[in-house]
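Asker: sequence plus predicted model, see below.
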Amino acid sequence: MRMINVAAAQMGPIQRAEGRDVVVRRMLALMDEAKAEGADLIVYPELALTTFFPRWYMENRADADGWFEREMPNDAVRPLFDRAARHEMAMSFGYAELTSDGHHFNTAILTDRSGDIVGKYRKIHLPGHAEFDPERTHQHLEKRYFEPGDLGFPVWRNLGGIMGMAVCNDRRWPETYRVMGLQGVEMVLIGYNTPSVNAQKGDEGPEKRLFHNRLSAQAGAYQNSCWVIAVAKAGDEDGHRLIGGSVIVNPDGEIVAEAKTEDDELLVHPCDLDATAFGKETIFNFAAHRRTEHYGLITSRTGAIPPP
């Protein structure tokens, strides 16, 4: 067995007025709890350092830059890296990234046990819209504040296995998992901030949104025979509620741990990376069964075009 004890560190709400110092203290408390439970890897949510700011419309795009990190690590988050290294615990979390040449991304990073960054991913499937939409019950302005990721879907060797990352809406797209699956991924780490109500379909509330969250993670895990660790930021942020429902899913697509609250909550589960082998060698043996000569539309066409 190649066992990794994984801690899915769900976070409760972060209010707009709360600083990174408050947030980092909460993250450190979860990390210490994870250490006490023998975790090798801790996974935090998307935009773990701030509130989910894309709900706020700012006429001047640059007014949002205060939510972004210009370097990683920086002074505000250095305690996380130092504590993780002291605990000999790998770590993943999401944040808003502002590059030195002025690009804005919704980013996640992965460290090794020494606290060194070994992987970076930038969110590719941006949901929402770019301009204020009066028809929506609330705004979801990721397309205003972020650019689509430019790093693809890489994977990395870490903790004796092959790991990949995705962010929030990426989890709903089968291509996300399959591109990593074609690189032999054994564990996919996903952070998300998902509103509890669909802004364009008011009767789609938390129950349906949690169903879709489970469905996406379970399908991706099963169809690529990998572990999926999907971690929420949840609860009421300045009157805007986010779902919880953080899950750890095994390579058979079964949920082996699930959060019960919308607060800071830790799920710890031993994940055997060798459990991915059976599916990869049988029903999802890509080399034996994939028929790429029939898949051309997947990359040649973006939108659906019905037959004449």
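Answerer: Yep, it's here. Numbers count the residues shown, from 1 in each chain.

Asker: ramachandran coordinates for I298?
Answerer: I298 adopts backbone torsions of phi -60, psi -40, taken as degrees, to the nearest 10.

Asker: how many neighbouring residues does the spatially closest residue to it that is not a sequence neighbour have?
Answerer: Among residues not flanking I298 along the chain, E175 sits closest, at 7.2 Å (C-beta to C-beta, 6 or more residues apart in numbering). Where C-beta positions appear, they are placed from N, C-alpha and C, glycine not excepted. The tally of other residues near E175 (other C-beta atoms under 10 Å) stands at 13.

Asker: equivalent analysis for N224, please.
Answerer: N224: 29 neighbours (other C-beta under 10 Å).

Asker: residue contacts, the closest residue to it other than its chain neighbours?
Answerer: Spatially, and ignoring its direct neighbours in sequence, N224 is nearest to G181 (3.5 Å; C-beta to C-beta, 6+ apart). Going by C-beta atoms under 8 Å, 6 or more residues apart in numbering, G181 touches 223-226, 284, 286.

Asker: show me the contact partners of the longest helix seen in the chain.
Answerer: Looking across the chain with DSSP state H, the single longest helix is helix 206-224. Helix 206-224 has contacts (C-beta under 8 Å, 6+ apart) with 171-172, 174, 176-178, 180-181, 185, 188, 190, 192, 194-198, 226-228, 230, 241, 243, 245, 247, 249-255, 279, 284.

Asker: make it 7 Å
Answerer: 171-172, 177-178, 181, 185, 188, 194, 196, 227-228, 230, 243, 245, 247, 249-253, 255, 284 (C-beta atoms under 7 Å, 6 or more residues apart in numbering).

Asker: just the C-alphas of it, formatted as PDB.
Answerer: Written as PDB, here are the backbone C-alpha positions of helix 206-224 (Å, rounded to 0.1, in the frame of the first residue of the first chain):
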ATOM      1  CA  PRO A 206     -28.500  23.900  -1.500                       C
ATOM      2  CA  GLU A 207     -29.800  20.300  -1.800                       C
ATOM      3  CA  LYS A 208     -29.500  20.300  -5.600                       C
ATOM      4  CA  ARG A 209     -26.100  22.100  -5.500                       C
ATOM      5  CA  LEU A 210     -24.800  19.500  -3.000                       C
ATOM      6  CA  PHE A 211     -26.100  16.700  -5.200                       C
ATOM      7  CA  HIS A 212     -24.200  18.200  -8.200                       C
ATOM      8  CA  ASN A 213     -21.100  18.600  -6.100                       C
ATOM      9  CA  ARG A 214     -21.100  14.900  -5.100                       C
ATOM     10  CA  LEU A 215     -22.000  13.800  -8.600                       C
ATOM     11  CA  SER A 216     -19.100  15.700 -10.200                       C
ATOM     12  CA  ALA A 217     -16.500  14.500  -7.700                       C
ATOM     13  CA  GLN A 218     -17.700  10.900  -7.800                       C
ATOM     14  CA  ALA A 219     -17.900  10.700 -11.600                       C
ATOM     15  CA  GLY A 220     -14.400  12.200 -12.000                       C
ATOM     16  CA  ALA A 221     -13.000   9.700  -9.400                       C
ATOM     17  CA  TYR A 222     -14.600   6.700 -10.900                       C
ATOM     18  CA  GLN A 223     -14.000   7.400 -14.600                       C
ATOM     19  CA  ASN A 224     -10.300   8.000 -14.000                       C
END
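
Asker: can you pull the buried residues of it?
Answerer: If you call a residue buried by 16 or more other C-beta atoms under 10 Å, then helix 206-224 has these buried ones: 206, 209-210, 212-214, 216-224.

Asker: so of the contacts of helix 206-224, which ones are in helices?
Answerer: With DSSP H as the criterion, helices contain 177-178, 181 from among these.

Asker: just to revisit the earlier point, and the longest helix of the chain, average pLDDT?
Answerer: For helix 206-224, the mean pLDDT works out to 98.

Asker: burial measure for the nearest residue to D272 once chain neighbours are set aside, as a count.
Answerer: Leaving aside its sequence neighbours, D272 sits nearest to M1 (C-beta to C-beta, 6+ apart; 4.8 Å). M1 has 8 neighbours, counted by other C-beta under 10 Å.
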